[in-house]
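**Q** Structure for the following, please:
(2 chains)
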Amino acid sequence: RKEVEQDPGPFNVPEGATVAFNCTYSNSASQSFFWYRQDCRKEPKLLMSVYSSGNEDGRFTAQLNRASQYISLLIRDSKLSDSATYLCVVNRYGYALNFGKGTSLLVTP
Amino acid sequence: ETGVTQSPTHLIKTRGQQVTLRCSSQSGHNTVSWYQQALGQGPQFIFQYYREEENGRGNFPPRFSGLQFPNYSSELNVNALELDDSALYLCASTLRSGTQETQYFGPGTRLLVL
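**A** Numbering: from 1, shown residues only, chains lettered A, B, ... in the order given. Predicted structure coming up:
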């Protein structure tokens, strides 16, 4: 079983829609959680860290459920520019990042 | 921008050859990690260097080796290239704040092995 699992999609949604991505992780010792965004043929870029209390950054909301080992990302009012692959990432302090395979999002006009 | 640079941007090699990829990270980011990202996959951890010593390694064979230099630059060397080594190679430098770590990625080197 892979350490981080994501639905690869693709998710095709119209502009203005709300879309949610889910991710599960297997290592209960994981301490830090992130969502990275990766555009086609580019490097991953940090979108946001994920905290147990949940956190929001504009149209993006991330949630963490440690008991269920589950992470989510909600994007409201989708824009064309949100089209990308979203990578769920977990790690333990001092260790490497563990990436999911990514979820592909395409926002259409 | 992350302040992490990589060279070259693209590279074509043939099986059996050797390749050296380079990374320059931000001043003060004394941890550098290398990842391999095959098409359609998430990045996979190769190894990590801290203060010029390897301090963690993923499931990659010894023909993948690295170096880190005092000026925050580093290298990834791959010997005896195989077709499956074709991938995007990413370098990331780490910023630590308390117990929170954030890794910032360079633009990557796209390697094609023929």
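
**Q** When you work out contacts or count neighbours from here on, use the C-alpha atoms and nothing else.
**A** Noted.

**Q** Where does chain B get nearest to chain A, residue-wise?
**A** Here chain B gets closest to chain A at one residue, B:Gly42, 4.1 Å apart by Cα to the nearest Cα.

**Q** Could you list which residues are in contact with B:Gln26?
**A** B:Gln26 makes contact with B:Gly3, B:Val4, B:Tyr72, B:Ser93, according to Cα atoms under 8 Å, 6 or more residues apart in numbering or on different chains.

**Q** Check whether the second one really touches B:Tyr104, as I assumed.
**A** Yes - at 7.2 Å, B:Val4 and B:Tyr104 qualify as touching, with contact defined as Cα atoms under 8 Å.

**Q** out of those two, which sits in the busier spot?
**A** B:Tyr104 (25 against 21; other Cα atoms under 10 Å in any protein chain shown).

**Q** tell me which element that one falls in.
**A** strand B:100-105 (DSSP states H and E).

**Q** What of A:Ile71?
**A** Going by DSSP H and E, A:Ile71 is part of strand A:70-75.

**Q** I'd like the average pLDDT over that strand.
**A** Averaged across strand A:70-75, pLDDT comes to 96.

**Q** What pairs with that strand, parallel or antiparallel?
**A** When pairing is defined by DSSP bridges, strand A:70-75 lines up against strand A:19-25 (antiparallel), strand A:60-65 (antiparallel).

**Q** Any regions of chain A where pLDDT drops low?
**A** Regions of chain A meeting the criterion pLDDT under 70 cover residues A:1.

**Q** and B:Ala84, that one's in a helix?
**A** Slight slip there: residue B:84 is Asp, not Ala. Yes - remark: B:Asp84 belongs to a helix, assigned using DSSP: H, G, I helix; E, B strand; the rest coil.

**Q** Now do the residue nearest to it when sequence neighbours are not counted, the pLDDT please.
**A** The shortest distance from B:Asp84 to any non-neighbouring residue, by Cα to Cα, 6 or more residues apart in numbering or on different chains, is to B:Val113 (7.7 Å). With respect to pLDDT, B:Val113 scores 98.
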